[in-house]
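Trainee: Fold the stuff below for me.
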Amino acid sequence: MSLVTYCQAVRYLALADVIEDFMKARVIQVKVKPNSRASLLEQREDGTWFAQIKSPPVEGKANEELLALVAKHFRCHKSDVSIKAGASGRMKLVRIEVL
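Mentor: Predicted coordinates for the structure are as follows:
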């Protein structure tokens, strides 16, 4: 096996891992409003999600409540939900593991 063929095989396997990982998870974009009266999660017409969270955005409390709210909505474990991007902002990408 030549070095070029080996490099192509490694790239193919890495791409296959990325595709397999993508197929096992769903990523949603969520706009978060902390310090709300009630906690709720709803989908907007443009496909994004809007979450109202009771907790303040202090020491990750709002993020923890968001993960619990998403897990409850999608009927999965909290450990299957994670923040992929935007942990310190209001717009977040939330990853949900699919069984």
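Trainee: Contacts for the longest strand seen in the chain next, please.
Mentor: The single longest strand within the chain, with elements called by DSSP state E, is strand 25-33. The contact list for strand 25-33 (Cβ atoms under 8 Å, 6 or more residues apart in numbering) reads 41, 47-53, 62, 66, 70, 84, 90-98. (Glycine included, C-beta is placed from N, CA and C.)
Trainee: Keep only those of those residues that are in helices.
Mentor: Secondary-structure check on these using DSSP state H: residues within helices are Ala62, Leu66, Val70.
Trainee: Any chance of those in TSV with neighbour count as columns?
Mentor: Converted to TSV, the ones in helices among the contacts of strand 25-33 look like this (neighbours: other Cβ atoms under 10 Å):
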residue	neighbour count
Ala62	21
Leu66	23
Val70	24
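Trainee: Quick check, Lys78 in contact with Leu67.
Mentor: Yes - under the criterion of Cβ atoms under 8 Å, Lys78 makes contact with Leu67 at 5.7 Å.
Trainee: out of these two, which sits in the busier spot?
Mentor: Leu67 (19 against 13; other Cβ atoms under 10 Å).
Trainee: Excluding chain neighbours, give the residue nearest to the more buried one in space.
Mentor: If the residues on either side of it in the chain are set aside, Leu67 comes closest to Val81, at 4.8 Å by Cβ to Cβ, 6 or more residues apart in numbering.
Trainee: ok so, going back, how about the longest strand of the chain as PDB, C-alpha atoms only?
Mentor: Included here for strand 25-33 are C-alpha records, laid out as PDB according to Å, rounded to 0.1, in the frame of the first residue of the first chain:
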ATOM      1  CA  ALA A  25     -27.200  12.900  17.000                       C
ATOM      2  CA  ARG A  26     -29.500  15.800  16.300                       C
ATOM      3  CA  VAL A  27     -28.400  19.400  16.700                       C
ATOM      4  CA  ILE A  28     -30.900  22.200  17.300                       C
ATOM      5  CA  GLN A  29     -30.400  25.900  17.600                       C
ATOM      6  CA  VAL A  30     -31.900  27.400  20.700                       C
ATOM      7  CA  LYS A  31     -32.400  31.000  21.800                       C
ATOM      8  CA  VAL A  32     -32.500  31.200  25.500                       C
ATOM      9  CA  LYS A  33     -34.300  33.800  27.700                       C
END
